[in-house]
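Undergrad: Could you work out the structure for the sequence below:
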Amino acid sequence: MTTKSFRALCCVAAMSAPALPAAADVSVQFVQPEHFADVGDYGVRSQRNLESIKRHLQALGDRCLPAGHALDIRFTDLDLAGRHEWWRSGAYDVRIMRGVTWPRADLEYLWKDEQGKVLAEQRERVSDMDYLSRSAFVRSDSDPLVYDKAMLSEWFERRFCPQQRG
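TA: Alright, predicted model coming up:
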């Protein structure tokens with residue numbers, strides 16, 4: 001088989017393959033983030049933190065939610081793990097993690113199936129007071145939001161991943 005005929009065969013196979021169902025739609029909104037308890041330094045870094053959390057939740061939705069489902073998540077407050085201790089010399093860009101600086105999020109969500117039927121609607125406070133007890137694997141991650149994302153992953157999987165709900 002020549003390269004040209006192989007390409008043509010691949011194109012025909014791709015065009016005749018059944019269309020994949022639409023992926024789940026996860027919408028993440030941050031309501032007045034300028035009033036949140038802590039999203040990092042305000043400005044570019046805080047916007048990057050919010051975008052990173054948004055992408056993380058959307059990836060969880062792609063992995064967990066059935067195709068065609070819609071999940072709208074609205075954050076009304078967010079307090080990231082750790083604190084900037086401005087008085088420490090040389091620690092301008094470092095978040096100091098202590099037992100009293102656990103991550104917390106106030107959020108509400110609306111989950112609908114592919115026909116638009118409401119499966120769940122809730123307002124919750126999510127927190128992880130034991131965040132420093134997480135495994136060494138999590139703690140050694142280079143992601144600055146590793147504890148916050150771990151907390152949100154745990155919450156998301158308990159609520160929306162069928163294999164986790166068991």
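
Undergrad: Where does A23 sit: helix, strand or coil?
TA: What DSSP: H, G, I helix; E, B strand; the rest coil gives for A23 is coil.

Undergrad: just checking, it touches R63?
TA: No - using Cβ atoms under 8 Å, A23 makes no contact with R63, being 10.2 Å away. (Each C-beta comes from the backbone N, C-alpha and C, glycine too.)

Undergrad: So for the host helix or strand of R159, what gets flagged as buried?
TA: Under the criterion of DSSP states H and E, R159 resides in helix 146-160. Neighbour-count burial for helix 146-160 flags V146, Y147, D148, K149, A150, M151, L152, W155, F156, R159, F160 (criterion: 16 or more other Cβ atoms under 10 Å).

Undergrad: for it, packing partners?
TA: The elements that helix 146-160 packs onto, with contact taken as 3 or more Cβ pairs under 8 Å, 6 or more residues apart in numbering; DSSP states H and E, are helix 44-64, strand 104-112, strand 118-127, helix 136-139, helix 162-165.

Undergrad: Of all the ones you listed, which one is nearest L80?
TA: Closest to L80 of the helices and strands packed on helix 146-160, according to Cβ to Cβ: helix 44-64, at 7.0 Å.

Undergrad: now the angle from the helix or strand following that closest one to strand 118-127?
TA: Once the chain leaves helix 44-64, the next helix or strand it forms, by DSSP H and E, is strand 70-79. Interaxial angle, strand 70-79 versus strand 118-127 (axes from the mean of the first three to the mean of the last three Cα atoms, to 10 degrees): 20 degrees.
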